[in-house]
Structure formats: structure tokens, C-alpha cells
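Student: structure, please.
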Amino acid sequence: MRVPLSWLKQYVDILLPTPDLADRLTLAGLEVGGVEQVGDWWDPDTLRVGQVLQVLPHPDADRLVLVDVEFGGDGPDRVVTGAPNLYAYKEVDELPTIKVAFARSGAMLVDAYSDKTPRPLKKLKPSKIRGVPSSGMVCSERELGLSEEHDGILILPDDAPVGMPLRDYLGEEVLDIELTPDMARCLSMIG
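Tutor: This is a model prediction of the structure:
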């Protein structure tokens with residue numbers, strides 16, 4: 001069972017460093033198999049919180065859209081995407097606040113289309129998609145290595161600060177607790 005430390009902190013005050021907490025939980029009967037650092041490989045310069053400014057139709061493709069993303073840099077970047085959860089906003093007059101995980105060219109992302117396990121990392125390069133330059137990518141959970149979810153891009157809460165490195169916003173420690181059948185009561189956070 002994977003338990004994010006932020007989730008555990010919603011229920012108990014944790015005053016110990018994570019390795020000490022893992023040791024104490026193991027001694028108490030919950031074997032902690034490891035501590036994963038989510039987002040530790042995310043480059044703070046190329047993976048940031050972005051805000052979608054507009055969604056426009058692609059001039060040469062029915063299922064693609066052009067998305068202008070502000071990320072706290074020197075002006076918005078335009079990317080081409082086929083994400084269904086952004087496609088729905090094509091040509092909407094008043095766009096709601098949409099915060100996203102934005103990767104600039106040069107970012108290392110999980111290769112979402114690889115069949116290898118674990119999926120390898122791949123460097124994002126500027127590209128042209130159906131004749132339109134795309135200078136970055138709005139990311140799904142799979143491309144960030146968070147989960148296997150790849151049906152749309154990851155939408156962040158409205159209060160996510162634009163321009164903040166994604167590692168600082170989403171990165172955290174996750175305890176990998178190895179439960180035995182006699183410890184099924186521990187599959188719930190609140191007994």
C-alpha cells in the first residue's frame with residue numbers, strides 16, 4: 001500500500017524525519033518496504049505549474065487544439081495537444097481557470113507510449129504537429145510518472161501558483177507499506 005506522507009499528516013502530527021518514521025512503523029508491525037521520492041527527477045527549470053490562457057482549434061486537424069500556456073517565463077508558450085479534457089474548451093468565450101503541469105522543451109518525461117517496464121524517460125524536443133510548432137507539452141499523470149492515467153492532461157487545483165516548479169508543488173515522499181493478510185485493518189487510513 002502506498003501512503004503519501006501529506007495524506008498521513010492530515011490525521012497525525014509527524015515530528016520525525018521520514019527514515020525514522022519508517023523504522024518506527026516497521027517496529028510497530030507495519031513493514032515499510034521503502035520510501036519513494038515522487039518528483040525527485042523533475043527539473044525545476046523545465047517542469048512548472050502553468051495556466052491555460054486560451055484553447056484554439058488546430059487549422060489542419062479536427063482532433064487537435066492549440067493551447068497557450070503561461071508558466072511564469074518570458075511570455076506564454078503555444079503547444080499542440082489532443083487531450084480530450086482540453087479539447088472540450090475549444091473556442092469557449094470565457095475559459096475557466098485551468099492550471100496544468102507544463103513541460104518546456106528539454107524536460108525529461110516518462111515515455112507514455114513505451115511498452116517497456118518501467119517506462120523509460122525521454123527528452124522533450126520542440127516539434128511541429130500537423131504543421132504547427134509546439135514548444136512544450138501539457139502533461140498527463142503517466143508522462144510525469146505519477147500513475148498510468150493517460151486519458152487527459154493532469155488538471156491542478158485553481159490555487160496552484162503559476163510558475164512554481166512542479167517538484168515543489170506536487171513532489172513528496174510516499175511510504176510503501178507491505179501488508180500481510182492478517183493486517184487487513186491497515187488498508188484504511190482511519191481504522
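Student: check the secondary structure at Ser6 for me.
Tutor: For Ser6, the assignment made with DSSP: H, G, I helix; E, B strand; the rest coil gives helix.
Student: list the contacts of it.
Tutor: Residues near Ser6 by C-beta atoms under 8 Å, 6 or more residues apart in numbering: Glu172. Just so you know, the C-beta spots here come from the backbone N, C-alpha and C atoms, and that holds for glycine as well.
Student: and if we set it to 10 Å?
Tutor: Listed by C-beta atoms under 10 Å, 6 or more residues apart in numbering, the contact set of Ser6 reads Glu172, Glu173, Val174.
Student: for Gln37, same thing?
Tutor: Thr18, Arg167, Gly171, Glu172, Glu173, Val174.
Student: hey, what's it bridged with?
Tutor: Glu173 (DSSP bridges).
Student: where's it relative to Leu170, distance?
Tutor: Gln37 is 12 Å from Leu170, where distance means C-beta to C-beta, to the nearest Å.
Student: in the protein, which spans are strands?
Tutor: In the chain, the segments counted as strands under DSSP state E are 2-4, 31-38, 47-57, 65-70, 77-81, 99-104, 108-110, 121-123, 127-129, 132-134, 136-138, 155-156, 172-178.
Student: please compute how far the shortest one lies from its chain's middle.
Tutor: In other words, strand 155-156. Strand 155-156 sits 8 Å away from the centroid of its parent chain (C-alpha atoms, centre = their mean, to the nearest Å).
Student: ok, now the fifth one?
Tutor: Between the mean C-alpha location of strand 77-81 and the chain-wide mean there is a distance of 17 Å, by C-alpha atoms, centre = their mean.
Student: hmm, who's touching that strand?
Tutor: Strand 77-81 has contacts (C-beta under 10 Å, 6+ apart) with 50, 52-56, 58, 61, 64-71, 86-87, 100, 102-105, 127-140, 152-153.
Student: write a PyMOL command that selects only the buried members of those residues.
Tutor: Buried residues within the contacts of strand 77-81, by 16 or more other C-beta atoms under 10 Å, are selected in PyMOL with:
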select buried, resi 50+52+54+55+58+64+65+66+67+68+69+70+71+86+87+100+102+103+104+129+132+134+136+137+138+139+140+152+153
